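K.L.:
Here is my input, please return the structure:
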Amino acid sequence: MSFFGKNLRKDISSDEKDVEMLIKLLVNGLPSFPNSDIFQQDIDVKGNEDEDAYTETLVKYLAYKKEFNNYRFSSFAGQKGKRKVDIGVELKANNEFYIFTIEAKFLPHSPNDYITGEYSAIKRFKKCEHGLSNTNPKKAYPLPENGIVAYVKSKKLQEHKNKINKQLKELANSYQKVKDNFGLNWDISEKLMLEKQNEELFAKLKSTHTRIDNSKLILHHFWINVAQKVV
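P.N.:
Coordinates of the predicted model:
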């Protein structure tokens, strides 16, 4: 049984194939997002739109594409306590449980907002604040696979990858054997690995982590160039 299957409750109809298919669809569909009519109508890349505006437009885009007809995408999905993750993904056939969650970030940004820090993405997944299967703590369990979408506004994708991996290495050197301020350990094995790149338009990366409860976590990183030009 796959890692995903080991984390499923017996009363849930989903299995690892739903997540595997979802990831393939995202890899195929996300590169076209900035050139879509929905994006062009809703987003002014030179304006003051924040991450929430981009995410609401992304959810609208995914809901419109027929390839994703088996899935429901919810903006700002409830998680533990008052915490929300930017996108929760459910199967339309079983909408009680999320099968995948996605946090969104801008790049470039302070690396503390991507890895560790008050508003960071990876830290929240490692702390089990994101990546939960249900808004009800009594029903929720940590999903073994989740995602981060990065809206890339400038600089090359390789530069972002190098910068993030450099900080992960520094964290591993400092907090492999002792915990950081958030109660987390870090390891060099958590660095981002490139799986696919389409010039400077899109990249798919993957990283593996250990959460605060010692469960394993796979993060799929989808980096989309939303700018007219990357410099």
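K.L.:
Give me the buried positions along the lengthiest strand in the chain.
P.N.:
Looking across the chain with DSSP state E, the single longest strand is strand 94-107. Buried positions in strand 94-107, judged by neighbour count with 16 or more other CB atoms under 10 Å: 97-107. From N, CA and C alone the C-beta is placed, and that goes for glycine too.
K.L.:
how about residue 116, secondary structure?
P.N.:
Classification of residue 116 using DSSP: H, G, I helix; E, B strand; the rest coil returns coil.
K.L.:
can you check residue 165 too?
P.N.:
Under the three-state scheme (three-state DSSP), the conformation of residue 165 reads as helix.
K.L.:
Identify the farthest-apart pair in the buried residues of strand 94-107.
P.N.:
Taking every pair in the buried residues of strand 94-107 and measuring CB to CB, the maximum separation is 30.1 Å, between 97 and 107.
K.L.:
Show me which residues of stretch 153-171 are buried.
P.N.:
Counting neighbours by 16+ other CB under 10 Å, stretch 153-171 gives 153, 157, 160-161, 163-165, 167-168, 171 as buried.
K.L.:
Please apply the same query to stretch 132-152.
P.N.:
For stretch 132-152, the buried set under the neighbour-count rule, 16+ other CB under 10 Å, comprises 132-135, 140-152.
K.L.:
now do stretch 195-210
P.N.:
Within stretch 195-210, the residues scored as buried using 16+ other CB under 10 Å are 200-207, 209-210.
K.L.:
right, and the secondary structure at residue 130 would be what?
P.N.:
The local conformation at residue 130, judged by three-state DSSP, is coil.
K.L.:
got a pLDDT number for it?
P.N.:
Confidence at residue 130, expressed as pLDDT, is 89.
K.L.:
check contacts around the residue nearest to residue 100 when sequence neighbours are not counted.
P.N.:
Nearest non-adjacent residue to residue 100, counting by CB to CB, 6 or more residues apart in numbering: residue 89, 4.2 Å away. Counting by CB atoms under 8 Å, 6 or more residues apart in numbering, residue 89 makes contact with 22, 71-74, 98-102.
K.L.:
Next: residue 60.
P.N.:
By CB under 8 Å, 6+ apart, residue 60 lies in contact with 38, 42.
K.L.:
Sticking with it, tell me its helix or strand.
P.N.:
For residue 60, the host element (DSSP states H and E) is helix 51-64.
K.L.:
Helix 51-64 and the helix or strand following that helix, what's the angle between them?
P.N.:
Secondary structure here is assigned by DSSP H and E; on that basis, the next helix or strand after helix 51-64 toward the C-terminus is strand 71-78. Taking axes from the mean of the first three to the mean of the last three CA atoms, to 10 degrees, one finds strand 71-78 and helix 51-64 inclined to each other by 160 degrees.
K.L.:
buried residues in strand 71-78?
P.N.:
Of all the residues in strand 71-78, those buried under the rule 16+ other CB under 10 Å are 71-75, 77-78.
K.L.:
Could you check how far the residue most central in space within the chain is from residue 94?
P.N.:
Ranked by distance to the mean C-alpha position of the chain (CA atoms, centre = their mean), the top residue is residue 148 at 1.9 Å. Spatial separation of residue 148 from residue 94 under the definition CB to CB, to the nearest Å is 24 Å.
K.L.:
which stretches of this protein have low pLDDT?
P.N.:
With pLDDT under 70 as the threshold, the chain has low-confidence stretches at 1-15, 45-48, 78-82, 110-112, 228-231.
K.L.:
For it, which segments count as strands?
P.N.:
Taking DSSP E as the test, the strands found in the chain are 71-78, 84-91, 94-107, 145-152, 193-198, 202-210, 216-225.
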